[in-house]
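**Student:** Curious how this folds, go ahead:
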Amino acid sequence: MRILSWNVGGLLAFDKQRLVKRCLLKDSLEIILIQETKFNHDCGVKFFKYCRVWEGDFQDACGKLGGLGIVWNPKYMKLSIKEKIQYWIMGEGHHLNSNKSFVLINVYGPSMPEEKVEVWNTTLGVMNREKPKEMIVGGDFNAILNHKEKVGGLVRNSKAMLDLGEFVPNSLLCDIEPNNGRFTWTNKREGSSKISEMLDRFLVSKGLVGSDLSISSSIFPYLASDHFPIPLKINLPNRNMKGYFKFQSMWWRDSSVVDNLEQWWKDSDQFKGTLSFWFSCRLNFIKNNLKEWNISQFENIFVEKAQIEEELERLNERVIVCRMGDS
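**Tutor:** Below you'll find the model as predicted:
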């Protein structure tokens, strides 16, 4: 299961919507928690139509400030929104492949310290009410936990830091630190004026961390906002669901593929039995021949894809380090 949290810094512009849609599709996400959409529910409905297969719900912004959303892929996830207030959305999710259920909260920390405390207290109340369900809290907390989560600017024990430092242990949730960086926000300045902080995070139940599940977080180098998006990856056990065969569109580039398909279809007429059994055997025969032909013509494209992804990951690391000043 892959969940992304991202303060997009406004989702009104079409270019920003296109970038978010590309992020949804390209990175195989199942849920995305969006903060600071800066639009109302009607704009959210239009956004869903643009994304087509995705479903979700939004909390209206106050004018052009704030705004929250949870978007999910119904192919992998059932999710129902239970409560919405100005600074968070709470829903109950059910992962279809693993049959795992959980409570999900999308948080957008307000700028005023007093309002932050109210949000943390409300969140704690919801968590106590929903026990013993597994809990995942993600979003832009708009505060750091300690001085290590900030570089540049004044170093002081702010009230927001102390309040968040009290909320996290009281929540009995585990803070999942990104494995490829320390900061998720920058003020986009250079030199001595540059400030980088860890404002975005995921908190998950200790029951998830203490189980046999693998949980990790990282930082994506999308540059369209002053916040980097952070994905949470939970390797949930599947219910023995077999992977499906997929016809690769690149195969059409080879002129011999049509002739091969015709020949394999003729050669597969050897099978006997009921009509459904005969048809299934012929399809399997063609599928196996396609796999062998693919290796001989294109070699192993999945190994090459993995190598390219590793190279992109190294480039992403350089982008994150250069952007955030993380040494």
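**Student:** Touching, Leu65 and Thr37? I think so.
**Tutor:** No: applying C-beta atoms under 8 Å as the test, Leu65 and Thr37 come out as separate, 10.4 Å apart. No exception for glycine: its C-beta is placed from N, CA and C like everyone else's.
**Student:** the more surrounded of the two?
**Tutor:** For Leu65 versus Thr37, the count of surrounding residues by other C-beta atoms under 10 Å is larger for Thr37: 26 against 11.
**Student:** how close does the more buried one get to Glu92?
**Tutor:** According to C-beta to C-beta, to the nearest Å, Thr37 stands 22 Å off from Glu92.
**Student:** Looking at whatever helix or strand Asn294 lives in now, give me its mean pLDDT.
**Tutor:** Per DSSP states H and E, Asn294 falls inside helix 275-298. Averaged over helix 275-298, pLDDT sits at 84.
**Student:** What of stretch 69-86?
**Tutor:** The model assigns stretch 69-86 a mean pLDDT of 89.
**Student:** From the chain's centroid, how far away is stretch 288-308?
**Tutor:** Put simply, stretch 288-308 sits 28 Å off its chain's centre (C-alpha atoms, centre = their mean, to the nearest Å).
**Student:** what distance separates the start and the end of that stretch?
**Tutor:** In stretch 288-308, first residue to last residue: 26 Å (C-alpha to C-alpha, to the nearest Å).
**Student:** which other residues reach that stretch?
**Tutor:** Contact partners of stretch 288-308, identified using C-beta atoms under 8 Å, 6 or more residues apart in numbering, comprise 247-248, 250-251, 254, 257, 260, 264.
**Student:** The same query, at a cut-off of 10 Å, please.
**Tutor:** Stretch 288-308 is contacted by residues 245, 247-248, 250-251, 253-254, 256-257, 260-261, 263-264, 267-268 when judged by C-beta atoms under 10 Å, 6 or more residues apart in numbering.
**Student:** where does Glu309 land on pLDDT?
**Tutor:** Predicted confidence (pLDDT) for Glu309: 68.
**Student:** In the stretch 51-200 of the chain, mark out all the strands, start to finish.
**Tutor:** For the stretch 51-200 of the chain, the strands defined by DSSP state E, counting those that start in this stretch occupy 55-59, 68-72, 77-85, 88-95, 100-108, 135-140, 150-151, 173-176, 185-186, 196-197, 200-205.
**Student:** Parallel or antiparallel, list what pairs with the fourth one.
**Tutor:** Here the strand partners of strand 88-95, with direction, are listed using DSSP bridges: strand 77-85 (antiparallel), strand 100-108 (antiparallel).
**Student:** As TSV, these with distance to Leu173 would be great.
**Tutor:** What follows is these, written out as TSV (distance: least, C-beta to C-beta, whole Å):
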stretch	distance to Leu173
strand 77-85	18
strand 100-108	10
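**Student:** looking at these, which is buried most?
**Tutor:** Compared across those, strand 100-108 shows the largest average neighbour count, a mean of 21 (mean count of other C-beta atoms under 10 Å).
**Student:** That one to strand 55-59, inter-axis angle?
**Tutor:** Strand 100-108 and strand 55-59 are oriented at 40 degrees to each other (axes from the mean of the first three to the mean of the last three C-alpha atoms, to 10 degrees).
**Student:** Pull the distance from strand 100-108 to the chain's centre.
**Tutor:** Centroid separation for strand 100-108 versus its chain: 13 Å, with C-alpha atoms, centre = their mean.
**Student:** Could you export it as PDB, CA atoms only?
**Tutor:** Output of strand 100-108 as PDB, limited to C-alpha atoms (Å, rounded to 0.1, in the frame of the first residue of the first chain):
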ATOM      1  CA  LYS A 100      -6.500  -4.700   6.000                       C
ATOM      2  CA  SER A 101      -8.600  -2.000   7.700                       C
ATOM      3  CA  PHE A 102      -7.400   1.300   9.300                       C
ATOM      4  CA  VAL A 103      -8.300   4.800  10.200                       C
ATOM      5  CA  LEU A 104      -6.700   7.600   8.100                       C
ATOM      6  CA  ILE A 105      -6.300  11.200   9.100                       C
ATOM      7  CA  ASN A 106      -5.100  14.000   6.900                       C
ATOM      8  CA  VAL A 107      -3.700  16.900   8.900                       C
ATOM      9  CA  TYR A 108      -2.900  20.500   7.900                       C
END
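**Student:** mean confidence for that strand?
**Tutor:** Mean pLDDT, strand 100-108: 92.
**Student:** Just the pLDDT for Ile31.
**Tutor:** 91.
**Student:** Near the closest residue to Val126 other than its chain neighbours, how many other residues are there?
**Tutor:** Closest residue to Val126 apart from its sequence neighbours, by C-beta to C-beta, 6 or more residues apart in numbering: Met90 at 6.0 Å. Met90 sits with 22 neighbouring residues when counted by other C-beta under 10 Å.
**Student:** now the one 5 residues further on
**Tutor:** Summarising burial for His95: neighbours were counted as other C-beta under 10 Å, giving 19.
**Student:** All set, thanks.
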